[in-house]
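K.L.:
predicted coordinates and the sequence they were generated for:
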Amino acid sequence: MLRIATANINGIRATHRRGFGDWLTERGCDVVALQEVRAQADKIPDGAFGDFHVALDTGTLPGRNGVAVLTRRPPAAVRTWSGSALVGGPAEAAGSLPALEPVASPDHVPLSRGLGRFATHGRYLEVDLTDAPVTIACLYLPKGGLPAELQRPERMREAPDGGARYARKMGFMAAFSRYLTSTRRAAAAAGREFLLLGDLNIAHTRQDLAAWRRNPQNDGFLPEEREWFGQQLSPRTLVDVVRSLHPGEDGPYSWWSWLGQSFAKDAGWRLDYHLATPRLARSAVRAEVDREFRGVRLSDHSPVIVDYDWS
């Protein structure tokens with residue numbers, strides 16, 4: 001059995017204070033993909049990654065983004081868009097941080113045109129597992145915004161930007177779609193299954209958003225975003241694993257606002273995904289969302305865990 005989790009932790013320091021380290025110890029995962037680490041290496045708390053090996057791309061934007069993949073054994077390969085990553089083994093002393101060493105991590109496929117501007121932002125990282133023929137990809141897709149024609153200052157928390165954030169996200173998505181096809185095919189050519197994990201900042205269908213009636217003109221649920229998401233899926237390329245295990249129900253949601261009663265009422269969004277090549281997807285036997293740990297939310301997102309009957 002291979003237990004794999006993805007979690008947007010919204011800051012390693014904040015989630016560590018809420019008990020993330022104990023969750024790592026107790027949950028029994030073999031692989032954990034993290035988004036929004038939001039800390040440079042020297043700011044990561046001691047013991048933050050438990051007894052896992054870690055591959056980390058913090059990016060160059062202080063306090064923003066950052067992705068990591070934690071594994072039980074050292075990865076066979078690490079790849080990033082920037083060409084470098086930090087890697088480390090389990091801490092030698094309890095409660096200490098493993099020494100993170102910079103390593104070259106060149107990509108194995110050309111970076112699609114349009115992704116170069118994001119290469120140093122800490123949004124994507126791949127590892128090849130040592131103990132299974134699987135490539136793990138970790139993605140933090142930009143949140144985006146509204147196109148200019150939908151922006152209404154009285155309804156927005158952020159200042160209108162003329163659609164700049166929207167254009168940035170749509171450009172990323174168009175370029176990433178081409179890249180995703182290339183890297184998935186490269187994994188197949190190497191005899192590996194491919195699993196994309198991460199916060200995609202899109203609720204794909206009405207089942208993925210509790211208040212879907214109120215949100216057709218909000219970022220994260222725009223028709224063009226949802227259409228793009230659907231284009232990444234097919235029975236022959238990538239499968240939404242959690243939806244395949246929960247085909248007839250709303251959710252399970254993975255993000256809730258800190259405001260109001262959204263969490264208590266389970267008025268959430270499903271933004272965090274496992275997208276797997278078909279053979280790996282068919283091996284999935286259980287999917288869960290850890291809404292809380294010991295009665296505490298680890299982040300505004302919750303970990304999404306899937307058990308794969310893979311050996």
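P.N.:
Great, that's in hand.
K.L.:
show me the strands in this structure, by range?
P.N.:
Per DSSP state E, the chain carries strands over the ranges 2-8, 31-35, 53-57, 67-71, 77-80, 84-88, 101-104, 124-128, 134-140, 193-199, 239-240, 272-276, 284-289, 304-308.
K.L.:
which one of these is the most hemmed in?
P.N.:
Ranked by mean neighbour count, the strands of the chain are led by strand 31-35 with a mean of 29 (mean count of other Cβ atoms under 10 Å). C-beta coordinates here come from the backbone N, C-alpha and C atoms, glycine included.
K.L.:
any idea how far G198 is from the closest residue to P303 other than its chain neighbours?
P.N.:
Excluding the flanking residues, the one nearest P303 by Cβ to Cβ, 6 or more residues apart in numbering is A7, at 4.0 Å. Noted for A7: a distance of 10 Å to G198, by Cβ to Cβ, to the nearest Å.
K.L.:
before we move on, what about S299?
P.N.:
The value you get for S299 to G198, if Cβ to Cβ is used, is 14 Å.
K.L.:
what's opposite the residue positioned nearest the centre of the chain in the beta bridge?
P.N.:
The centre of the chain sits closest to G198, judged by Cα atoms, centre = their mean, with a distance of 1.5 Å. Note on G198: beta-bridge partners by DSSP bridges are L139, Y273.
K.L.:
and it, how far from G28?
P.N.:
21 Å.
K.L.:
and for A119?
P.N.:
Where G28 is concerned, A119 sits at a distance of 34 Å (Cβ to Cβ).
K.L.:
about what we covered before: show the pLDDT at the residue nearest to the centre of the chain.
P.N.:
Reported pLDDT at G198 in the predicted model: 98.
K.L.:
in contact with R192, which residues?
P.N.:
Residues near R192 by Cβ atoms under 8 Å, 6 or more residues apart in numbering: D128, P133, V134, T135.
K.L.:
what pLDDT is listed against it?
P.N.:
For R192, the pLDDT comes out at 97.
K.L.:
W310 now?
P.N.:
88.
K.L.:
for it, list the residues it contacts.
P.N.:
Going by Cβ under 8 Å, 6+ apart, W310 touches M1, L2, A132, V134, L280, S283.
K.L.:
just grab the bridge partners of the closest residue to F52 other than its chain neighbours for me.
P.N.:
Spatially, and ignoring its direct neighbours in sequence, F52 is nearest to L70 (3.8 Å; Cβ to Cβ, 6+ apart). On the basis of DSSP bridges, L70 is bridged to V32, V54.
K.L.:
how near is L70 to L100?
P.N.:
From L70 to L100 the distance is 13 Å (Cβ to Cβ).
K.L.:
kindly report the same for I12.
P.N.:
12 Å.
K.L.:
residues contacting S311?
P.N.:
Residues near S311 by Cβ under 8 Å, 6+ apart: M1, L2.
K.L.:
still on that earlier bit, compare I12 and L100 (neighbour count), which wins?
P.N.:
With neighbours defined as other Cβ atoms under 10 Å, I12 and L100 compare such that I12 has more, 24 against 19.
K.L.:
which pLDDT value belongs to that one?
P.N.:
I12 is assigned a predicted lDDT (pLDDT) of 96.
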